[in-house]
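S.K.: Got a predicted model here, sequence first, then my questions.
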Amino acid sequence: TAWETVQNTAPMAAKLAMDLEAERTAQENRFCRFEMDDFIIVNSASLIGVNGLQYYWSLENAKISQYLMDMAVGKFLQYNYRDLDHRTFLGALASVKYDVFSNTSVYPFGFQDEGEIAVGSKKRYRIFRNQYELPLGYTYNSYISADMFQEMDAPRRQEALLGGVLLDEKGEREAAGRIRKADPVYTGNSRAYAVKCKKGVIQEADHTFLVEKKNAVVEITFEGLSDCETYFLVHGADFTLNNKDLEEVYLNVDLEGSQNRLRYTTPVFRNYTGQKDYLINLGFHTDEKKQITITFPEPGRYNFEKMEVICQPMENYVSKMGDLRKETLNEKVGTNFIKGDISVSADKILCLTIPYSRGWNAYVDGKKVSLFQTNGMFMGLLLEKGEHVVELYYHTPGLFTGFIASLLGFLLFAVLLCLIRRRKMNEKSILP
């Protein structure tokens with residue numbers, strides 16, 4: 001049956017992992033998310049009752065799509081989000097506690113192998129637990145302005161959010177004079193590289209390749225660093241394919257066995273976004289890597305304004321996670337509410353990893369406070385030094401207004417119906 005199929009998916013493995021940990025620790029599960037590489041059935045996490053990153057629905061949140069674009073995450077549509085490319089920084093900032101894998105070779109940093117979990121009779125998933133997880137609500141003592149954020153590229157943006165919360169204009173006004181501006185530190189290391197084109201590829205310029213046959217290969221050699229997450233960054237991707245009818249192509253990007261893909265859509269694609277920048281995560285490795293192999297699937301001209309190989313050390317990440325985890329919300333989550341208590345040692349911004357929506361209203365110690373957009377797609381509020389009770393309630397925007405409009409329409413219809421009937425009765429009464 002359909003329900004049996006749902007039960008044999010990655011979300012069920014995530015639920016079993018959460019239940020096992022709750023049993024082992026004798027504590028109730030707190031809010032957390034999981035990331036997966038298996039998308040057999042869309043929205044299956046919602047059916048099972050766990051919180052994943054995958055989403056498929058026509059009513060998309062534009063702020064999530066913009067965040068994915070800002071972070072150069074590929075492989076998504078406006079109505080179909082899959083994952084955060086299993087990047088260590090992005091997953092932590094989104095409260096990802098588990099990675100659930102069926103068949104992957106790209107692993108993030110700081111995840112402990114919890115072994116395999118079987119679902120159904122045949123399917124098995126490997127579970128990894130984040131040792132540096134962030135809860136639903138964590139706090140910052142500094143912020144990043146939108147102008148500062150826009151001047152950065154994707155690798156700098158994701159690391160900047162470890163040390164300062166990104167605020168919208170409303171949030172900046174709230175924070176002015178009370179929260180200091182962050183001074184982001186970027187620790188990523190751009191590596192020099194050499195390009196070697198194999199048979200069927202001609203390098204026309206530094207970053208332009210004429211591909212003459214399917215599945216032609218380019219090798220990029222470099223001196224990698226140990227204990228790093230490795231990225232392949234491209235700016236300004238512009239592909240002219242020989243087959244003008246193709247809507248999308250997938251470039252395979254391989255770092256000595258760790259494989260990922262760059263998904264490029266052409267203007268003929270019905271959901272074309274115009275995305276040109278991609279940060280391809282090739283996983284965390286303790287040893288020094290030397291070569292990236294790119295496989296071009298289709299003949300054509302592949303142009304990149306810029307290509308970069310980045311080794312991202314993790315020392316800064318570990319210390320920053322410690323700072324963000326010091327003062328967090330002890331939350332309880334319901335269908336349309338979040339409640340919790342928190343104590344902060346100074347004025348801070350509480351970042352809540354719930355996508356920003358106008359339908360939320362927030363109260364601190366019973367007093368309504370302003371909610372603003374944080375870290376691109378989440379929401380947050382300002383807390384004064386001390387102990388607080390935080391409450392958030394969700395009401396669908398326009399629902400009450402729609403109800404009143406519908407009620408008035410019904411009453412108007414009833415009045416018109418009565419008038420029509422009375423008129424007909426009057427007409428009958430005057431007939432000879």
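M.R.: Received the coordinates, thanks. Residues are numbered from 1 along each chain as shown.

S.K.: The nearest residue to G224 once chain neighbours are set aside and K276, how far apart?
M.R.: Spatial nearest neighbour of G224, chain neighbours left out: K289 (3.9 Å); criterion: C-beta to C-beta, 6 or more residues apart in numbering. (Glycine included, C-beta is placed from N, CA and C.) Per C-beta to C-beta, to the nearest Å, K289 is found 26 Å from K276.

S.K.: ok, the two, which is more surrounded?
M.R.: K289 (22 against 15; other C-beta atoms under 10 Å).

S.K.: show me the contacts for the more buried one.
M.R.: F222, G224, T230, L255, E256, L282 (C-beta atoms under 8 Å, 6 or more residues apart in numbering).

S.K.: cool, Y278 as well?
M.R.: Contacts of Y278 by C-beta under 8 Å, 6+ apart are A72, G74, L233, V234, A237, L262, Y264.

S.K.: Spatially central residue in this structure, please.
M.R.: L84 (4.8 Å; C-alpha atoms, centre = their mean).

S.K.: my guess is that residue contacts L90, does it?
M.R.: Yes - L84 lies in contact with L90 (C-beta atoms under 8 Å); the separation is 4.1 Å.

S.K.: ok, for T396, nearest residue in space, not its chain neighbours?
M.R.: Leaving aside its sequence neighbours, T396 sits nearest to G359 (C-beta to C-beta, 6+ apart; 5.6 Å).

S.K.: how near is the one you found to A192?
M.R.: G359 is 50 Å from A192, by C-beta to C-beta.

S.K.: circling back to that earlier point, run a quick neighbour tally on the residue nearest to T396.
M.R.: 13.

S.K.: Show me where the stretch 251-400 of the chain has its helices.
M.R.: Assigned by DSSP state H, counting those that start in this stretch, the helices in the stretch 251-400 of the chain fall at 315-324, 399-429.

S.K.: Please identify the deepest-packed of these.
M.R.: helix 315-324 (a mean of 16; mean count of other C-beta atoms under 10 Å).

S.K.: tell me what it is packed against?
M.R.: helix 88-93, strand 137-140, helix 154-163 (3 or more C-beta pairs under 8 Å, 6 or more residues apart in numbering; DSSP states H and E).

S.K.: Low-confidence stretches in the stretch 51-200 of the chain?
M.R.: Applying pLDDT under 70 to the stretch 51-200 of the chain flags no residue at all.

S.K.: run the last query once more with 90
M.R.: Along the stretch 51-200 of the chain, segments meeting pLDDT under 90 span 55-62, 74-82, 103-105, 120-123.

S.K.: Quick check: the gap between the residue nearest to M377 when sequence neighbours are not counted and N51.
M.R.: Nearest non-adjacent residue to M377, counting by C-beta to C-beta, 6+ apart: Y67, 3.9 Å away. Using C-beta to C-beta, Y67 is found at 17 Å from N51.

S.K.: ok, these two, which is more surrounded?
M.R.: Y67 (23 against 20).

S.K.: coming back round to it: for D38, state which of the contacts of K289 is nearest.
M.R.: L282 (19.7 Å; C-beta to C-beta).

S.K.: Can you get me a residue count around the closest one?
M.R.: Counted with other C-beta under 10 Å, L282 comes out at 24.

S.K.: got a list of what it touches?
M.R.: V106, E229, T230, Y231, F232, V253, L255, S258, N260, K289, I292.
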